[in-house]
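Participant: below are the sequence and a predicted model; questions follow.
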Amino acid sequence: MSASRLWFGRIGDTLVHTDEESLRFIRRLDEGEAAPFKPLRPRSIKFHRRYWLMVSRVADHITGIQIDPANPKAVMPVECPEDLHVGLKFLTGHCKVFHVDGTDITYRVPLPTDFSSLTADEWAPHYEKCLQAINAYALPQIRDRFVLEEMQRLAS
(Lines give C-alpha, C1' and ligand atoms only; values in the text may rest on other atoms or scores of the structure.)
Protein backbone atom coordinates (compact mmCIF):
# COMPACT_ATOMS: atom_id res chain seq x y z
CA MET A 1 0.00 0.00 0.00
CA SER A 2 1.41 3.38 -0.99
CA ALA A 3 0.69 6.28 1.38
CA SER A 4 0.62 8.69 -1.55
CA ARG A 5 -2.38 6.83 -2.96
CA LEU A 6 -4.58 7.10 0.11
CA TRP A 7 -7.52 9.46 -0.26
CA PHE A 8 -9.51 11.07 2.53
CA GLY A 9 -12.38 13.50 2.38
CA ARG A 10 -13.28 16.24 4.80
CA ILE A 11 -16.58 16.16 6.66
CA GLY A 12 -16.64 18.98 9.20
CA ASP A 13 -13.44 18.75 11.22
CA THR A 14 -12.91 15.06 10.43
CA LEU A 15 -11.09 13.27 7.62
CA VAL A 16 -12.92 10.15 6.42
CA HIS A 17 -11.95 7.37 4.01
CA THR A 18 -13.02 7.73 0.39
CA ASP A 19 -12.28 4.23 -0.87
CA GLU A 20 -11.56 0.68 0.29
CA GLU A 21 -7.79 1.18 0.40
CA SER A 22 -8.00 4.14 2.77
CA LEU A 23 -10.57 2.28 4.91
CA ARG A 24 -8.18 -0.71 5.20
CA PHE A 25 -5.43 1.69 6.28
CA ILE A 26 -7.63 3.17 9.01
CA ARG A 27 -8.63 -0.29 10.27
CA ARG A 28 -4.95 -1.31 10.57
CA LEU A 29 -4.36 1.51 13.05
CA ASP A 30 -4.74 0.77 16.76
CA GLU A 31 -7.37 2.72 18.64
CA GLY A 32 -5.94 6.20 19.37
CA GLU A 33 -2.92 5.64 17.08
CA ALA A 34 -1.92 8.59 14.90
CA ALA A 35 -0.34 8.30 11.46
CA PRO A 36 1.50 11.25 9.91
CA PHE A 37 0.91 12.02 6.27
CA LYS A 38 1.63 14.76 3.80
CA PRO A 39 -1.55 16.20 2.31
CA LEU A 40 -1.33 16.59 -1.45
CA ARG A 41 -3.92 18.46 -3.44
CA PRO A 42 -4.88 17.04 -6.83
CA ARG A 43 -4.24 19.26 -9.83
CA SER A 44 -6.92 21.31 -11.47
CA ILE A 45 -8.04 20.24 -14.94
CA LYS A 46 -8.92 23.92 -15.54
CA PHE A 47 -5.28 25.00 -15.12
CA HIS A 48 -4.11 21.99 -17.13
CA ARG A 49 -6.29 23.10 -20.05
CA ARG A 50 -5.22 26.72 -19.66
CA TYR A 51 -1.54 25.69 -19.73
CA TRP A 52 -1.96 23.62 -22.89
CA LEU A 53 -4.02 26.35 -24.59
CA MET A 54 -1.26 28.84 -23.87
CA VAL A 55 1.51 26.47 -24.96
CA SER A 56 -0.38 25.53 -28.15
CA ARG A 57 -1.07 29.13 -29.14
CA VAL A 58 2.47 30.31 -28.42
CA ALA A 59 4.01 27.32 -30.23
CA ASP A 60 2.06 28.30 -33.37
CA HIS A 61 3.90 31.64 -33.48
CA ILE A 62 7.52 30.84 -32.63
CA THR A 63 10.17 28.71 -34.33
CA GLY A 64 12.42 27.99 -31.34
CA ILE A 65 12.96 28.56 -27.65
CA GLN A 66 16.21 29.33 -25.85
CA ILE A 67 16.61 26.52 -23.31
CA ASP A 68 19.58 27.83 -21.33
CA PRO A 69 19.35 31.39 -20.00
CA ALA A 70 23.17 31.54 -19.82
CA ASN A 71 23.64 30.45 -23.43
CA PRO A 72 21.73 32.36 -26.14
CA LYS A 73 22.91 29.82 -28.73
CA ALA A 74 21.16 26.94 -26.94
CA VAL A 75 17.91 27.09 -28.90
CA MET A 76 15.51 24.17 -29.25
CA PRO A 77 13.35 24.16 -32.39
CA VAL A 78 9.62 24.44 -31.70
CA GLU A 79 7.47 22.69 -34.28
CA CYS A 80 4.58 21.72 -32.01
CA PRO A 81 3.20 22.44 -28.52
CA GLU A 82 5.02 19.42 -27.06
CA ASP A 83 8.36 20.92 -28.18
CA LEU A 84 7.60 24.13 -26.31
CA HIS A 85 6.45 22.12 -23.29
CA VAL A 86 9.83 20.33 -23.19
CA GLY A 87 11.68 23.61 -23.73
CA LEU A 88 9.84 25.10 -20.76
CA LYS A 89 11.00 22.20 -18.59
CA PHE A 90 14.59 23.10 -19.46
CA LEU A 91 14.02 26.81 -18.82
CA THR A 92 12.31 26.23 -15.48
CA GLY A 93 14.91 23.72 -14.28
CA HIS A 94 12.36 20.90 -14.14
CA CYS A 95 15.10 18.43 -15.05
CA LYS A 96 17.28 15.76 -13.55
CA VAL A 97 20.93 16.68 -13.91
CA PHE A 98 23.59 14.09 -14.69
CA HIS A 99 27.33 14.82 -14.54
CA VAL A 100 29.77 12.66 -16.47
CA ASP A 101 32.54 11.74 -14.03
CA GLY A 102 35.95 13.09 -14.92
CA THR A 103 34.56 15.59 -17.46
CA ASP A 104 32.80 18.95 -17.63
CA ILE A 105 29.87 17.32 -19.41
CA THR A 106 26.43 17.71 -17.85
CA TYR A 107 23.16 16.31 -19.17
CA ARG A 108 19.74 17.66 -18.23
CA VAL A 109 16.84 15.26 -18.70
CA PRO A 110 13.37 16.82 -18.43
CA LEU A 111 11.15 15.39 -15.70
CA PRO A 112 7.50 14.46 -16.25
CA THR A 113 4.74 16.93 -15.40
CA ASP A 114 1.73 14.64 -15.78
CA PHE A 115 -1.00 14.44 -13.14
CA SER A 116 0.56 11.42 -11.44
CA SER A 117 3.96 13.14 -11.20
CA LEU A 118 3.04 16.56 -9.81
CA THR A 119 0.38 17.52 -7.29
CA ALA A 120 -1.36 20.90 -7.37
CA ASP A 121 1.05 22.15 -4.71
CA GLU A 122 4.03 21.09 -6.86
CA TRP A 123 2.48 22.25 -10.15
CA ALA A 124 1.67 25.80 -8.99
CA PRO A 125 5.28 27.05 -8.69
CA HIS A 126 6.22 25.23 -11.91
CA TYR A 127 3.33 26.91 -13.74
CA GLU A 128 4.46 30.34 -12.49
CA LYS A 129 7.99 29.62 -13.75
CA CYS A 130 6.53 28.60 -17.13
CA LEU A 131 4.63 31.90 -17.36
CA GLN A 132 7.84 33.79 -16.59
CA ALA A 133 9.79 31.77 -19.19
CA ILE A 134 7.15 32.34 -21.87
CA ASN A 135 7.15 36.07 -21.14
CA ALA A 136 10.95 36.25 -21.21
CA TYR A 137 11.84 33.87 -24.05
CA ALA A 138 8.83 33.22 -26.30
CA LEU A 139 6.72 36.37 -26.43
CA PRO A 140 9.61 38.63 -27.59
CA GLN A 141 9.69 36.54 -30.79
CA ILE A 142 6.08 37.37 -31.71
CA ARG A 143 5.91 40.39 -34.00
CA ASP A 144 2.15 40.57 -34.75
CA ARG A 145 0.74 43.04 -32.20
CA PHE A 146 -2.72 41.42 -32.02
CA VAL A 147 -1.28 37.94 -31.54
CA LEU A 148 1.22 39.23 -28.99
CA GLU A 149 -1.55 40.88 -26.94
CA GLU A 150 -3.55 37.63 -26.96
CA MET A 151 -0.49 35.62 -25.88
CA GLN A 152 0.26 38.16 -23.12
CA ARG A 153 -3.29 37.69 -21.76
CA LEU A 154 -2.82 33.91 -21.74
CA ALA A 155 0.60 34.18 -20.09
CA SER A 156 -0.47 36.53 -17.29
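Facilitator: The structure has been received and is ready for your questions.
Participant: phi and psi next, for the residue lying farthest from the centre of the chain.
Facilitator: The C-alpha centroid of the chain is most remote from Glu31, which lies 39.3 Å away (Cα atoms, centre = their mean). Dihedral pair for Glu31: phi -60, psi 130, per degrees, to the nearest 10.
Participant: not counting sequence-adjacent ones, nearest residue to Thr63?
Facilitator: Val78 (6.2 Å; Cβ to Cβ, 6 or more residues apart in numbering). In short, each C-beta sits where N, CA and C put it, glycine included.
Participant: now swap in Leu139 and tell me
Facilitator: Per Cβ to Cβ, 6+ apart, closest to Leu139 is Met151, 5.7 Å.
Participant: can you classify the one you found by secondary structure?
Facilitator: helix (DSSP: H, G, I helix; E, B strand; the rest coil).
Participant: please shift the residue numbers so they start at 845 in all later answers.
Facilitator: From this message on, residue numbering opens at 845, which makes the last subject Met995.
Participant: flag every buried residue along the least confident helix or strand in the chain by mean pLDDT.
Facilitator: Ranked by mean pLDDT, DSSP states H and E, the weakest helix or strand in the chain is helix 989-998, scoring a mean of 81. Neighbour counts over helix 989-998 (16 or more other Cβ atoms under 10 Å) mark 995, 998 as buried.
Participant: and the contacts of that helix?
Facilitator: For helix 989-998, the external contacting residues (Cβ atoms under 8 Å, 6 or more residues apart in numbering) are 894, 897-898, 901-902, 905, 978-979, 982-983, 986.
Participant: same thing but 10 Å
Facilitator: Helix 989-998 is contacted from outside by 894-895, 897-902, 904-906, 975, 978-979, 982-986, 988, using Cβ atoms under 10 Å, 6 or more residues apart in numbering.
Participant: now do the residue farthest from the centre of the chain, the pLDDT please.
Facilitator: Looking at Glu875, its pLDDT stands at 93.
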